[in-house]
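> I would like the atomic coordinates for the input below:
(one chain, ligands or ions: 1)
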Amino acid sequence: MAFSGLMSVESLKLGLLPIVSYFIYVYLLKPALHFVHRAIHYHGFPCYPRNFIFGHSLLFWTNFPFPYNLESFQRMFHEATNKLAAHDQDQSLTVCWLTLHPNVLPVSHEAVEVIMNKKNVRKQFFYKFMGLGNGLVASEPALWKVRRKLIEPFFSTKKIKGYAKHMDQEVKSFTQQLNTETGKPVDLEDQIHSSTLNIILKSALSIPLDDSIEDKKSLTELVNKVEPNLVRRSLNPLYHIDWVAKFTKFGRYYFETLDLVEKVLARMLNRRKQLLSSTSHESENQDFVSLLEGKVDQQGFFDELITMIAAGHETTAVGLRWILFNLGHHPDVQERLYREIVQFFPDDTPVDDMDKINQCNYLDQCIKESLRLNPPIHVFARYLEEDVVVKDKRLLKDTGVLVSCPIIHHNPNVYPDPEKYDPDRWTPENASKIPKAAYIPFGYGPRSCIGYRYAILELKIYTIQIIRKFSLRSTRKHESIPSKFEITLKPCLPLEIIVTPRNNN
Ligand code: HEM
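Just a heads-up that it's a prediction; the model follows:
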């Protein structure tokens, strides 16, 4: 009996040994070896002087690793990446050490072209914290492939031409509501955000432009709350695991905010149902909801819907604010633009003909240049799926990559005097000399923006309607406005403009 008891303990031990060894290998040894291998591999790469333990983290937030000040981190981010990139400009890339973790930061368009290739579609871990679940922006490669195919028809040329009509209607009422009486500088942030939200809700959910006012307002407020929380969550490993985060005050607040977003969305879906079932409301010709219905599960449906709404209005709103602000600093550009616009769209002509809109070449140049100078999405990140070679440097599979749009867009070798707003960089002759990977406001490669044509059309309609009715004068110096690290490139100070009706209106 005793012998057989001993046997079973022994055999249990023998049986457990391989299992325990396996877990130790997979969860401890392998990652540790990977970690050491990468640290050694990137040790000799070009990089700004760093602290051996903290790497460059101290550049990003000075009191690292002690409780950090989120605002100072948000303000310092661009300064720090610029410092890293400027250190050795001859190199195509630099390494940004976040503690002992190397992250590759491409500095040249050649590096972007190699790194953002077909295979490298895996996003870095912090996309998970954006509150967009497994929607298109954050999903893993296998799911992303299927969903991207499913969603593409929403952005077909025919569909986009169709969206111009309600974009034009919304922008018309936006311009009618602009209060120009005071003659004081204003930041149009709130009005612009709620207007671009109206547009995407109409395209995606067939919600009429003037409907569900309360829910629209709360959605804008909630999206504003989620953005800084993404950064806060990414910076603190304690918040990375859902159940651990939920024990903290911040974690509870973060998840409650996401729950509220889902609730608002559920109410909007009910409203859509009501409207479509009522005889007075004309059914929309395949909105985003009907495209997904029956093809994805409930969670997937919510994830894609919130992704489309968030990605589809916030970016455009930030882009438009910068476009108006840049135009407000350049009366000469504005005047030339005005003359082009009234040639194609005099008086109150509707601005809903995409072909005619696309004939406004100078408009295109002005918008392109603003998206270069102030790209609304300023950073995107990947893990390499395979080794790649940039110049003579081998980058290892699984390395994190951070692409900073402002760094690529301010390369003086491609854009002389890069801080200057100069739409003439984009005349056909000049544009032909700019490499494709040197202009990346909509990303680069297979995971670039699915909605870019939608966004450009919307930005053009706003700009046409606004410039033909008003002249703009920006009152703050462009260079005095630091940018803030959020999902979108937010200014730290209001983008103030004086909006004056044109005399002939
Ligand atoms: C000026 C406006 C916009 C800018 C600057 C912009 C920029 C970007 C960028 C840089 C990416 C790539 C992000 C990454 O690589 O991680 C992206 C992806 C995406 N954008 Fe946009 N975007 C804009 C407007 C829109 C609009 C209007 C929509 C939808 C209606 C949209 C939907 C998306 C989606 C779903 C993705 C993920 C694509 C994928 O991973 O396959 N965006 N956008």
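> in the stretch 351-500 of the chain, where is pLDDT below threshold?
Nowhere does the stretch 351-500 of the chain drop to pLDDT under 70.
> what sits closest to the residue of it found nearest the ligand if chain neighbours are left out?
Per Cβ to the nearest ligand atom, residue 451 is where the stretch 351-500 of the chain lies closest to the ligand, at 2.4 Å. No exception for glycine: its C-beta is placed from N, CA and C like everyone else's. Leaving aside its chain neighbours, residue 451 sits nearest to residue 312 (5.7 Å; criterion: Cβ to Cβ, 6 or more residues apart in numbering).
> where exactly do the strands run in the stretch 51-200 of the chain?
Assigned strands in the stretch 51-200 of the chain, in chain order: 93-98, 101-106, 122-123 (criterion: DSSP state E, counting those that start in this stretch).
> same thing with the stretch 351-500 of the chain?
379-383, 388-390, 393-395, 400-404, 470-474, 483-485, 489-491, 497-501.
> interface residues of the stretch 151-300 of the chain facing the ligand?
By Cβ under 6 Å from any ligand atom, the residues of the stretch 151-300 of the chain that approach the ligand are residue 200.
> ok and the residue in the stretch 151-300 of the chain nearest the ligand?
Closest point on the stretch 151-300 of the chain to the ligand, by Cβ to the nearest ligand atom, is residue 200, at 5.8 Å.
> what does the stretch 201-350 of the chain give?
For the stretch 201-350 of the chain, Cβ to the nearest ligand atom, closest residue to the ligand: residue 312, 2.9 Å.
> dump the strands of the stretch 351-500 of the chain to TSV, plus mean neighbour count.
Formatted as TSV, the strands of the stretch 351-500 of the chain follow (neighbours: other Cβ atoms under 10 Å):
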stretch	mean neighbour count
strand 379-383	19
strand 388-390	16
strand 393-395	17
strand 400-404	21
strand 470-474	18
strand 483-485	20
strand 489-491	20
strand 497-501	17
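> same list (those strands) but as a markdown table, adding distance to residue 263.
A markdown table is the format used below for those (distance: least, Cβ to Cβ, whole Å):
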| stretch | distance to residue 263 |
| --- | --- |
| strand 379-383 | 30 |
| strand 388-390 | 44 |
| strand 393-395 | 43 |
| strand 400-404 | 34 |
| strand 470-474 | 38 |
| strand 483-485 | 28 |
| strand 489-491 | 26 |
| strand 497-501 | 35 |
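> quick one, which of these is nearest to residue 54?
strand 400-404 (16.8 Å; Cβ to Cβ).
> what does that closest one rub up against?
Residues outside strand 400-404 that contact it (Cβ atoms under 8 Å, 6 or more residues apart in numbering): 78, 81, 85, 96, 101-106, 112, 115-116, 120, 124, 378-384, 395, 440, 444.
> quick one: buried ones out of these?
The neighbour count (16 or more other Cβ atoms under 10 Å) marks 78, 81, 85, 96, 102-106, 112, 115-116, 120, 124, 378-382, 384, 395, 440, 444 as buried among those.
> in the host helix or strand of the residue of the stretch 201-350 of the chain closest to the ligand, what's buried?
Using DSSP states H and E, residue 312 sits in helix 298-328. Within helix 298-328, the residues that count as buried by 16+ other Cβ under 10 Å are 300-328.
> what about residue 455, neighbour count?
23 (other Cβ atoms under 10 Å).
> quick check, pLDDT for the residue nearest to it when sequence neighbours are not counted.
Beyond its immediate neighbours in the sequence, the residue positioned closest to residue 455 (Cβ to Cβ, 6+ apart) is residue 316, lying 5.2 Å away. Listed pLDDT for residue 316 reads 96.
> ok, now how distant is residue 316 from residue 460?
Relative to residue 460, residue 316 is positioned 11 Å away (Cβ to Cβ, to the nearest Å).
> try residue 161
Applying Cβ to Cβ to residue 161 and residue 460 gives a distance of 13 Å.
> likewise residue 404?
27 Å.
> how about residue 120?
31 Å.
> re earlier: using TSV, lay out the strands of the stretch 351-500 of the chain together with distance to the ligand.
Rendered in TSV, the data for the strands of the stretch 351-500 of the chain read as follows (distance: least, Cβ to the nearest ligand atom, whole Å):
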stretch	distance to the ligand
strand 379-383	3
strand 388-390	17
strand 393-395	18
strand 400-404	8
strand 470-474	19
strand 483-485	14
strand 489-491	9
strand 497-501	19
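> so who does residue 51 touch?
57, 58.
> ok, 6 Å please
residue 58 (Cβ atoms under 6 Å, 6 or more residues apart in numbering).
> hey, what's it bridged with?
residue 55 (DSSP bridges).
> for the ligand, what are the nearby residues on the stretch 1-150 of the chain?
136, 137, 148.
> any of those residues buried? List them.
Counted by 16+ other Cβ under 10 Å, those give 136, 137 as buried.
> in helices only, show me the residues of the stretch 1-150 of the chain next to the ligand.
If you go by DSSP state H, these have residue 148 in helices.
> show the average pLDDT along stretch 167-181.
89.
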